[in-house]
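> Task: produce atomic coordinates for the following.
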Amino acid sequence: MLKIGVQSSRWYDKNDPLESLKFIKECGFEAIDFNIDTEISIKKLAESGIYPTIFDKSIEELRDYYAPLKQALEATGVVISQMHAPFPTLFEGNDELNEYINLVLDKCFAVCEYLGCPAIVVHPLVSTASRSEQLNANIEYYKTLIPLIKKYKGVKICSENIFTRFNGRVVGGRFSVVDDTCILIDTLNSEAGGDYFGFCLDIGHAILTKSNINEYIKTLGHRLTVLHIHDNNGLEDQHLIPYSCISTGSGTVCDWEGFIDGLKSIGYDGALSFETFRSFKILPKSVMPSALRMIAAIGREWINQLTAE
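Numbering: from 1, shown residues only. Have a look, this model is predicted:
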């Protein structure tokens with residue numbers, strides 16, 4: 001069933017899950033993208049070495065740690081539609097760090113299962129190699145996660161379209177080309193022997209790489225599992241509210257009509273999950289509830305379009 005979602009960053013208080021979820025539900029949201037990535041800094045790990053985090057807890061201890069959130073979800077009816085794993089996830093030549101990150105991912109998957117979250121976004125590898133080399137490297141990387149994800153029921157790993165920069169300019173990065181994405185997902189699910197991998201289409205990243213969002217969604221089809229919805233000016237990854245950016249001609253920078261048409265054509269029925277945290281960063285804190293309600297209103301309008309005969 002279609003739901004309106006938003007990431008937990010900026011409004012969620014881990015010391016008071018119940019009031020946090022009551023607040024976001026009052027703002028019009030039924031689902032959240034839970035930022036479990038904020039529990040650890042991979043940058044700090046890489047720069048200073050392994051340091052104490054909640055992921056030092058056992059899986060049983062983590063269930064206890066997240067029990068108040070689970071209870072709040074059950075009390076409010078809000079669901080976690082996806083999580084965002086810590087990133088990056090692989091450092092060449094640093095086996096100790098890579099082993100620890102894999103342990104963190106394993107425990108993230110366990111938390112997903114415990115909280116009833118069906119999908120977790122694990123970023124693809126960053127590389128300046130050719131498209132084919134990047135595709136092969138990512139297939140090999142994600143294959144190493146198959147034994148981990150198969151331990152948990154109802155949880156799917158989602159890759160994501162990522163952009164990169166060359167000489168200061170944004171260029172197509174990992175999986176900005178939909179054909180590569182389809183090969184990745186189909187190869188991994190064949191290797192895993194089941195439906196363990198899907199895809200997160202990040203609309204802001206698609207804008208930056210000049211992807212045809214309508215065609216991307218239609219080609220991706222059933223492989224599309226979750227969304228990261230946000231706007232930008234086509235130059236920077238701004239994470240703004242949809243319809244914020246106007247083109248130099250007429251209309252919007254993003255083809256929002258094509259986006260909705262694509263979702264409708266494939267029968268997408270997941271969460272419309274907004275990743276608009278930088279809008280909250282620049283707005284006065286006092287107007288954040290109003291901004292959240294406006295985002296939810298956009299989601300409701302889109303659901304009306306998606307469900308219209």
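> For A297, give me the pLDDT.
Looking at A297, its pLDDT is 98.
> Just give me the neighbour total for the residue lying closest to it once chain neighbours are set aside.
In space, A297 comes closest to G28 once its chain neighbours are excluded; the distance is 6.9 Å by CB to CB, 6 or more residues apart in numbering. Every C-beta, even on glycine, is put in place using the N, C-alpha and C of the backbone. Neighbour count for G28, taken as other CB atoms under 10 Å: 17.
> Go ahead and confirm G28 touches I303.
No. Using CB atoms under 8 Å as the test, G28 is too far from I303 to be in contact (11.2 Å).
> Overlap of the contact sets of these two?
Common contacts of G28 and I303 (CB atoms under 8 Å, 6 or more residues apart in numbering): I4.
> Quick check: I40 touching H84?
No. Using CB under 8 Å, I40 makes no contact with H84, being 11.8 Å away.
> just for the stretch 101-250 of the chain, where's the confidence low?
Applying pLDDT under 70 to the stretch 101-250 of the chain picks out residues 128, 249-250.
> Just the helices from it, written as ranges.
Taking DSSP state H, counting those that start in this stretch, the helices of the stretch 101-250 of the chain run over residues 131-143, 146-149, 178-192, 203-208, 213-220.
> Which stretch among the ones you listed is buried most, on average?
Greatest average neighbour count among those goes to helix 203-208 (a mean of 24), per mean count of other CB atoms under 10 Å.
> Need the contact partners of that helix.
160-163, 170, 173, 176, 213, 216, 227-232, 234-239, 253-254, 259, 275.
> buried subset of these?
The neighbour count (16 or more other CB atoms under 10 Å) marks 160-163, 170, 173, 176, 213, 216, 227-232, 234, 238-239, 253-254, 259, 275 as buried among the contacts of helix 203-208.
> Give me the subset of those lying in strands.
In this view, the buried ones among the contacts of helix 203-208 that belong to strands under DSSP state E are 160, 163, 170, 227-228.
> Out of those residues, which is nearest to W11?
H228 (16.8 Å; CB to CB).
> Quote the end-to-end distance of stretch 112-129.
32 Å (CA to CA, to the nearest Å).
> before we move on, what about stretch 232-244?
Using CA to CA, the distance between the terminal residues of stretch 232-244 is 7 Å.
> Run through who's touching it.
With contacts defined as CB under 8 Å, 6+ apart, stretch 232-244 is touched by 163, 170, 204-205, 207-208, 210, 229-231, 245, 252-254, 256, 274-279, 291, 294-295, 298.
> what's the distance between it and the middle of its chain?
16 Å (CA atoms, centre = their mean, to the nearest Å).
> can you pull the contacts of the residue nearest to A297?
4, 292-293, 296-297, 299-300.
> Am I right that it sits in a strand?
No. Per DSSP: H, G, I helix; E, B strand; the rest coil, G28 lies outside any strand segment and is coil.
> thought T209 was touching R174?
No. With contacts counted by CB under 8 Å, T209 stays clear of R174, the gap being 10.2 Å.
> which of I40 and H84 has more neighbours?
A count of neighbours by other CB under 10 Å puts H84 above the other of I40 and H84, at 25 against 19.
> give the contact list for the more buried one.
Applying CB under 8 Å, 6+ apart to H84 gives the contacts 7, 33-37, 120-121.
> go on, I303?
By CB under 8 Å, 6+ apart, the contact set of I303 is 2, 4, 272.
> Using the three-state scheme, assign the nearest residue to H239 once chain neighbours are set aside.
In space, and not counting its chain neighbours, H239 is closest to R278: 4.0 Å by CB to CB, 6+ apart. Three-state assignment for R278 (three-state DSSP): helix.
> mind checking how far R278 is from G299?
18 Å (CB to CB, to the nearest Å).
> For the two, indicate the residue with more neighbours.
G299 (25 against 18).
> contacting residues around the more buried one?
Per CB under 8 Å, 6+ apart, neighbours of G299: 4-5, 28-29, 272, 274.
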